[in-house]
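Asker: fold the following, please.
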Amino acid sequence: IDYHYWNMQNPVVGGLSKDKIALRRAMAMAFSADNYINILQKGDAQKLQAPIPSGVVGYDPNYRSSIPYSVKAANLLLDRYHYKVAADGWRTQPNGKPLVIEMTLSGNNLRSQQQAEFWKKTLDSIKIRMTTKSMPFAEALKLEKQCKTMFKASAWIADYPDADNFMQLFYGKNIKITNNGCVKIPEYDRLYEQAQKMTPSPERDAIYAKMSRLLEVYMPVQVIGARYRNILAQPRVIGFKKHPILPAEWMYIDIDLKK
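Answerer: All right, here's what the predicted structure looks like:
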């Protein structure tokens with residue numbers, strides 16, 4: 001899956017106070033996952049309503065996010081929580097200090113540049129100034145494990161086909177491990193620990209739905225979609241069948257030398 005996160009320990013975008021929640025939610029409401037997928041990913045992804053993608057135990061095809069795409073509503077929300085527009089045309093923090101969102105980019109490649117341009121236009125629409133900071137992938141990974149990034153794109157490939165593998169990305173005890181947004185929401189953590197003791201069932205799915213709603217309430221993450229992988233196999237390849245998760249199929253396939 002592809003997602004963007006805000007560092008919940010960052011003094012500008014983090015925290016559980018209403019004004020910080022409003023800031024993150026406004027940025028999420030101004031973001032169009034449909035446009036992102038169609039423009040940057042050339043339509044090669046499935047938009048997600050929650051962190052759990054299809055093909056994974058615990059996926060709910062009927063679940064719908066409560067966060068709308070509405071630039072108008074996003075601006076009104078920022079106005080309500082006193083992110084005022086200054087004389088220079090950019091919003092300030094409620095305390096009057098400048099509001100600048102720094103996006104960390106992994107590498108100075110075309111994909112990173114396109115992500116930055118897309119988000120710059122998104123935040124321009126709600127009068128929030130954005131800057132970027134490019135660095136090698138390994139360095140960016142190190143900083144996010146230390147909770148030192150502010151806002152960054154991220155992705156996750158499941159290790160096992162269960163919803164737990166995605167919901168653990170926002171579990172408080174996984175900060176500095178897989179919880180890149182440094183998210184710690186007590187109610188979410190309690191539900192996650194409860195779900196870990198359960199076998200796959202409608203009851204467990206209901207808990208995951210509550211957890212997804214909590215992510216929408218506190219908005220530490222902007223879930224985008226699950227990428228499609230296009231594979232071309234020559235007729236001479238014998239026994240190829242793509243596994244949905246495991247990447248090591250090569251030991252099971254062969255080549256028909258006559259072809």
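Asker: please make it C-alpha for all contacts and neighbour counts, starting now.
Answerer: Noted.
Asker: any idea which helix or strand carries residue 230?
Answerer: In the assignment (DSSP states H and E), residue 230 maps to no helix and no strand.
Asker: for it, phi and psi?
Answerer: Per-residue torsions, residue 230: phi -90, psi 130 (degrees, to the nearest 10).
Asker: what is the burial count for it?
Answerer: 6 (other C-alpha atoms under 10 Å).
Asker: roughly how far apart are it and residue 242?
Answerer: According to C-alpha to C-alpha, to the nearest Å, residue 230 stands 10 Å off from residue 242.
Asker: also residue 56?
Answerer: 15 Å.
Asker: more neighbours: which of these two?
Answerer: Neighbours per residue, other C-alpha under 10 Å: of residue 56 and residue 242, the larger number sits with residue 56, 17 against 13.
Asker: so who does that one touch?
Answerer: 161-163 (C-alpha atoms under 8 Å, 6 or more residues apart in numbering).
Asker: below-threshold pLDDT in the stretch 101-250 of the chain: ranges please.
Answerer: For the stretch 101-250 of the chain, applying pLDDT under 70 flags no range at all.
Asker: just the helices in it please.
Answerer: For the stretch 101-250 of the chain, the helices defined by DSSP state H, counting those that start in this stretch cover 110-124, 137-145, 164-167, 186-196, 202-218.
Asker: dump those helices into a markdown table; add distance to residue 51 and mean neighbour count as well.
Answerer: Formatted as a markdown table, the helices of the stretch 101-250 of the chain follow (distance: least, C-alpha to C-alpha, whole Å; neighbours: other C-alpha atoms under 10 Å):
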| stretch | distance to residue 51 | mean neighbour count |
| --- | --- | --- |
| helix 110-124 | 20 | 17 |
| helix 137-145 | 19 | 15 |
| helix 164-167 | 6 | 19 |
| helix 186-196 | 14 | 15 |
| helix 202-218 | 7 | 18 |
